[in-house]
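K.L.:
A predicted structure for the sequence below; I have some questions about it.
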Amino acid sequence: MSLLDPLLQGILLGGLYTIFAVGLSLIFGVMKLVNIAHGDFIVLAAYLAHLVITATGLHPLAALIIVVPMMAALGYLLQRFILTRTMGEDILPPLLVSFGMAVIVQNGLLSIFTTNAQRLPAGNLETASLQIGSIHLGLLPLFTLAVAVALIAGLEQLFSHTKIGRAFRATSDDPQIATAIGVKTPHVFAMAMALCFATIALAGVFLAMRSNFDPFSGPARLIYGFEAVIIGGLGSFWGTLAGGVILGVAQSFGAQISPQMQVLAGHLVFFAILAIRPRGLFPKA
Amino acid sequence: MKPSRFFVIATLLSLTLAAAPLWAGRAELRLLGEMLSFLSLATLWNLLAGYAGLLSVGQQAFVGLGGYALFTACSFLGLSPYLAIPLAMLGAALVATLFAPLLFRLEGAYFAIGSWVAAETVMLIIGMIPALAGGAGMSLPIEVVKSIAADKLVREFAIYWLVLGLSLTTVFGVYALLRSKAGLALMAIRDNGLAAASLGIDLWRTKFVTYVGVAAMSGGIGAVIFLQKLRISPASAFSLNDWTVFVIFAVVIGGIGQMEGAVLGTLIFFALRETLADFGAIYLIVLGAVAMSVMLVAKRGLWGAIQSTIGFSVFPTTRKPMNSAETGAE
């Protein structure tokens, strides 16, 4: 058995996990918030794309033009009107409120769409592959990884070179001082959440082109994203990419042993990293 | 002082509950057992999240482990179920000891998801052990069931008393803990970790002991829950909804960080379940929405609202500062 094939497939899978993770990394970096419903919103975005595609006949990638702004708006409103009321020293309220949201989204989707698994038809992209020697690399996973890398690079740019990026960094360093020098904190936080939800929309569509999803697919996506963030180290976008890739490779090798080992291998690598490097591989200084 | 009145009420209530086989029918006895084990889990989670600041979403790990430890000890080691319960507690405590040093490295909110990953890991590993019949699950052998008590009715009584005994131990144990010096340390950590540490409280150790102790009790509760069910599978043993989500919602609605909150939350949860459970998904949406609104509007839940109007506690754990030398009592 060649080790190269699972390694490459794992790296590509890591692209998808990076897209799951990057929003978590972003909002934790800016406002120390952990959204337990992150995975469920990814699935919500997938269903939204499903509706858009059914109504318009668009390709899933084209449907992003509608799904991304809608999810971003939802993220802005959720932060501005609900989550903002939970922000503070106490970590319980935001966690418990997002926990409630997770259950509401899951069961809301269940009552509308039933438990039947769905998938977004991606046409030729689903089956097309690139052959290198004896190894077939799916075009969709390759494209997903490329999108993940572009997303990370784009966010790095946004954080270091734009006005809103500077506002993100300022509020994350010290919300009080940021307010004092004229940064509108609730708006900045809501913008960060909107950006997070834009990545959630992307995650939903790429997940749904690659595999089946149902109303209860969310928690596993949250866990994979979370593992990628922690493996990579908090506060670093490139670290999140590395974490996603490591998780993907671990799962891909696990899957070679048995189907149940796929997920377990990811968890074990997560705990191993936590034991050896508690702050992840590439923590912010 | 309150403790004596508390003692009288607690004794009367415990005796009434212990005599339940006399006044309750079989179905009511089952429901009562279920409520008591739920109350224990709620009290334990409340101790973790409301007092020790450890917001665990992974308590199903220890409930499930307790259940599996009991089934393993009885089926393969031929142990009596009575002996298997302390063994289940020990097993859960050992696993908690393994996970705690890793999970405590995760910052506040991330601890929650980490504890969830820990529970998923335990579930996956149990599901891969062929002797435990993998995902299909296993039944408790009939000889083991008979060894509790030969007669079916007596057996149901015995299991009920086991549940009752463990639940009373949990509730009064947590109460005693909160009134002790260790409980004071816990509340100090919750209210201001930095200040508590500067007063010489060992944060890590206090949290560790609480986490492991709660895991042990959860393991014991898990063992009796599955002793009553006589069947176990990874999906039921490690159910996130049954052993964690509902518990969290109940405590939040009742009032987090107060012992009465867990009691009130349990009563509300069962009242809602008995009336609305047929609505399935809608019921869960309502439960989630109510818990969310409580967190947004009144963080201290229903009991917090009641207490601020009547100013009375059933489980007095707050201390009056001794600024006058009238009494040395708590």
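P.N.:
Thanks, I have the structure now. Just so we're clear, the structure is a prediction, and the values are computed from it rather than from any experiment. Residues are numbered from 1 along each chain as shown, chains lettered A, B, ... in the order given.
K.L.:
contacts, neighbours, all on C-alpha from now
P.N.:
Noted.
K.L.:
give the contact list for A:Val164.
P.N.:
Residue A:164: Ile, not Val. A:Leu158, A:Val188 (Cα atoms under 8 Å, 6 or more residues apart in numbering or on different chains).
K.L.:
Flag every residue of the stretch 51-200 of chain A that's near chain B.
P.N.:
Counting by Cα under 8 Å from any Cα of the partner chain, the stretch 51-200 of chain A comes close to chain B at A:82, A:85-86, A:91-93, A:95-97, A:100-101, A:103-104, A:107-108, A:110-111.
K.L.:
Could you count how many residues lie near B:Leu32?
P.N.:
Neighbours of B:Leu32 under the rule other Cα atoms under 10 Å in any protein chain shown: 18.
K.L.:
Report all helices and strands that the helix or strand harbouring A:Val147 contacts.
P.N.:
Using DSSP states H and E, A:Val147 falls within helix A:139-161. The elements that helix A:139-161 packs onto, with contact taken as 3 or more Cα pairs under 8 Å, 6 or more residues apart in numbering or on different chains; DSSP states H and E, are helix A:4-31, helix A:124-127, strand A:129-132, helix A:163-173, helix A:185-210, helix A:237-257.
K.L.:
Next up, the contacts around B:Val212.
P.N.:
B:Ala93, B:Leu94, B:Ala96, B:Thr97, B:Ala100.
K.L.:
swap the cut-off to 6 Å and go again
P.N.:
By Cα atoms under 6 Å, 6 or more residues apart in numbering or on different chains, the contact list for B:Val212 reads B:Ala93, B:Ala96.
K.L.:
again with the one 3 residues further on
P.N.:
B:Ala215 makes contact with B:Phe62, B:Ala92, B:Ala93, according to Cα under 6 Å, 6+ apart.
K.L.:
Convert the strand or helix carrying the first one to CSV, retaining C-alpha atoms only.
P.N.:
Right, the one you point to is B:Phe62. Following DSSP H and E, one finds B:Phe62 within helix B:60-75. Extracted in CSV, the C-alpha atoms of helix B:60-75 (Å, rounded to 0.1, in the frame of the first residue of the first chain):
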residue,chain,number,x,y,z
GLN,B,60,-22.0,11.7,28.7
ALA,B,61,-18.4,10.2,28.6
PHE,B,62,-18.7,9.3,32.3
VAL,B,63,-22.3,8.3,32.3
GLY,B,64,-21.6,5.9,29.4
LEU,B,65,-18.4,4.6,30.9
GLY,B,66,-20.2,3.9,34.2
GLY,B,67,-22.8,1.9,32.3
TYR,B,68,-20.2,0.0,30.3
ALA,B,69,-18.1,-0.7,33.4
LEU,B,70,-21.1,-2.2,35.1
PHE,B,71,-22.0,-4.4,32.1
THR,B,72,-18.4,-5.5,31.7
ALA,B,73,-17.8,-6.3,35.4
CYS,B,74,-21.1,-8.3,35.6
SER,B,75,-20.9,-10.1,32.3
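K.L.:
got a list of contacts for the helix or strand just after it?
P.N.:
Moving toward the C-terminus from helix B:60-75, the next helix or strand (DSSP H and E) is helix B:81-103. Helix B:81-103 has contacts (Cα under 6 Å, 6+ apart) with B:Phe62, B:Gly66, B:Ala69, B:Leu70, B:Ala73, B:Phe111, B:Val212, B:Ala215, B:Ala216, B:Gly219, B:Gly220.
K.L.:
Flag every buried residue along helix B:81-103.
P.N.:
Of all the residues in helix B:81-103, those buried under the rule 16 or more other Cα atoms under 10 Å in any protein chain shown are B:81-82, B:84-93, B:95-97, B:99-100, B:102-103.
K.L.:
on contacts alone, who are the packing partners of the helix holding B:Phe62?
P.N.:
Secondary-structure packing of helix B:60-75 (3 or more Cα pairs under 6 Å, 6 or more residues apart in numbering or on different chains; DSSP states H and E): helix B:81-103, helix B:203-229.
K.L.:
got JSON lines for the ones you listed, with mean pLDDT too?
P.N.:
What follows is the helices and strands packed on helix B:60-75, written out as JSON lines (pLDDT from 0 to 100):
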{"stretch": "helix B:81-103", "mean pLDDT": "95"}
{"stretch": "helix B:203-229", "mean pLDDT": "93"}
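K.L.:
I'd like those laid out as a markdown table, including distance to A:Gly266.
P.N.:
Formatted as a markdown table, these follow (distance: least, Cα to Cα, whole Å):
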| stretch | distance to A:Gly266 |
| --- | --- |
| helix B:81-103 | 16 |
| helix B:203-229 | 24 |
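K.L.:
ok now do B:Val247, which residues does it touch?
P.N.:
Counting by Cα under 6 Å, 6+ apart, the residues that B:Val247 touches are B:Ala42.
K.L.:
meant to ask about B:Ala237, not that
P.N.:
Contacts of B:Ala237 by Cα under 6 Å, 6+ apart are B:Gly64.
K.L.:
Please report how far it lies from chain A.
P.N.:
Distance, B:Ala237 to chain A, using Cα to the nearest Cα, to the nearest Å: 18 Å.
K.L.:
Can you mark which positions in stretch B:194-212 are buried?
P.N.:
B:Ala196, B:Ile201, B:Leu203, B:Thr206, B:Lys207, B:Phe208, B:Thr210, B:Tyr211, B:Val212.
K.L.:
which parts of the stretch 201-330 of chain B sit against chain A?
P.N.:
Contacts of the stretch 201-330 of chain B with chain A, taken as Cα under 6 Å from any Cα of the partner chain, map to B:Ala281, B:Ile285, B:Gly288, B:Met292, B:Met295.
K.L.:
Correct me if wrong, but the third one is in a strand.
P.N.:
This points to B:Gly288. No - in this structure, B:Gly288 is helix, not part of a strand, as judged by DSSP: H, G, I helix; E, B strand; the rest coil.
K.L.:
For A:Phe213, list each beta-bridge partner.
P.N.:
Beta-bridge partners of A:Phe213, counted by DSSP bridges, are A:Gln118.
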